[in-house]
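Undergrad: I would like the atomic coordinates for the input below:
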Amino acid sequence: SSPQVVYTPLHGVGAPYVRRAFKLLGLPEPYIVPQQEQPDPEFSTVVFPNPEEGKGTWALAFNTGAERGARLLLANDPDADRLAVAEANPAAPGGWQTFSGNEIGILLADWLWTNHRRLHPEVPPGRCAVLCSTVSSKMLGALAAKEGLVFEETLTGFKWLGNRAQQLEEQKGLKVLFAFEEAIGFMAGGMYRDKDGVSAAAVFAEMAAELYAQGTSVSEHLQELYRRYGFFVYRAAYFIADKPAKSAAVFERIRAAYPKALGGVGVLWVRDLGTGLDTSRPDQRATLPWRAGDMMISLGLEGGAT
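TA: Next up, the predicted model:
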């Protein structure tokens, strides 16, 4: 029968390793998009080989998935350290629903915690930890709070996430189950201290197989997680400044008078990692690493938004 999973390495190195990972987990081998299976430094079938960049990068995988009758699509970036996911959904534009890094993150976190709890009931939840970068969704924190897990945020990048995971295990004796950042980077388990798209692909496929066997879907399960832990919405955008001085001027203007409200919603606290300020703390000092002049300001709003 047609495989339920179609995978693309986007002209990168992931194909043989994803095959092996699926085999190790006892999963049927995924069907690999043939035009994108072999490494190609010209990335000849895509404008930009980043699966975050939208349907243009997904086009061949979408077509292949439809032809093969697949239910799940997985994509690694060319060096296979990140994972993107789409699922067949007749109600979605083009028939495929893509998932953001935050959505993939909470799905993987729930799956890893569910299985760890089942396999190791003797380990108290308070001895387990999950991590994410500070620019990622706070839903992982909501999961941790409800389940009794330790939750921590770090600066962006797996240099910070990996090092903190190692510190929590070596210094506090915690079991770090999962870490992620919204830019589709995931660290599943303790085998390594970096993002890895290969293991994330296999673990996500394992989770999806279980959901499909139960008669549900990934998108339906995501809605169940929202009902369980609260609804979270995330929007990301960026501007390109051709000169660093332009960005610095924007931050200087903000620092001269931090906003009291955004869109009519009151600002409750300010964290400025260019000055070390964090008004949410009694001592007003940021706990995250900071450096004078760094351009990162977070605002906490009424209703729990940031």
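Undergrad: ranges for the strands of the stretch 201-306 of the chain?
TA: All strands of the stretch 201-306 of the chain, identified by DSSP state E, counting those that start in this stretch, fall at 261-262, 265-272, 277-278, 297-301.
Undergrad: relative orientation of the last one and strand 265-272 in degrees?
TA: With axes from the mean of the first three to the mean of the last three C-alpha atoms, to 10 degrees defining the directions, strand 297-301 sits at 150 degrees from strand 265-272.
Undergrad: what are the pairing partners of strand 297-301, and which direction each?
TA: strand 265-272 (antiparallel) (DSSP bridges).
Undergrad: buried stuff in the partner strand?
TA: Judged by neighbour count using 16 or more other C-beta atoms under 10 Å, the buried positions of strand 265-272 are 269-272. Where C-beta positions appear, they are placed from N, C-alpha and C, glycine not excepted.
Undergrad: repeat for stretch 134-145
TA: Those buried within stretch 134-145 under the rule 16+ other C-beta under 10 Å are 134-144.
Undergrad: can you check stretch 189-206 too?
TA: Residues 193, 195-206 are the ones in stretch 189-206 that count as buried (16+ other C-beta under 10 Å).
Undergrad: before we move on, back to that, let me have the buried residues of stretch 134-145 in a markdown table, extended by secondary structure, distance to D110 and pLDDT.
TA: As requested, the buried residues of stretch 134-145 are arranged in a markdown table below (DSSP: H, G, I helix; E, B strand; the rest coil; distance: C-beta to C-beta, whole Å; pLDDT from 0 to 100):
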| residue | secondary structure | distance to D110 | pLDDT |
| --- | --- | --- | --- |
| T134 | coil | 21 | 95 |
| V135 | coil | 21 | 94 |
| S136 | coil | 15 | 96 |
| S137 | coil | 13 | 94 |
| K138 | coil | 15 | 93 |
| M139 | helix | 10 | 97 |
| L140 | helix | 10 | 98 |
| G141 | helix | 13 | 97 |
| A142 | helix | 11 | 96 |
| L143 | helix | 7 | 98 |
| A144 | helix | 11 | 98 |
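Undergrad: and which of these is nearest G276?
TA: G276 lies nearest to T134 out of those, by C-beta to C-beta, at 14.7 Å.
Undergrad: Enumerate every residue touching the closest one.
TA: Contact criterion C-beta atoms under 8 Å, 6 or more residues apart in numbering gives 153-156, 288, 298 as the residues in contact with T134.
Undergrad: Give me the buried subset of those residues.
TA: 153-156, 298.
Undergrad: Serialize those to TSV and add fields for pLDDT, distance to D40 and secondary structure.
TA: Rendered in TSV, the data for these read as follows (pLDDT from 0 to 100; distance: C-beta to C-beta, whole Å; DSSP: H, G, I helix; E, B strand; the rest coil):
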residue	pLDDT	distance to D40	secondary structure
E153	96	37	strand
T154	97	35	strand
L155	96	34	coil
T156	94	30	coil
S298	95	40	strand
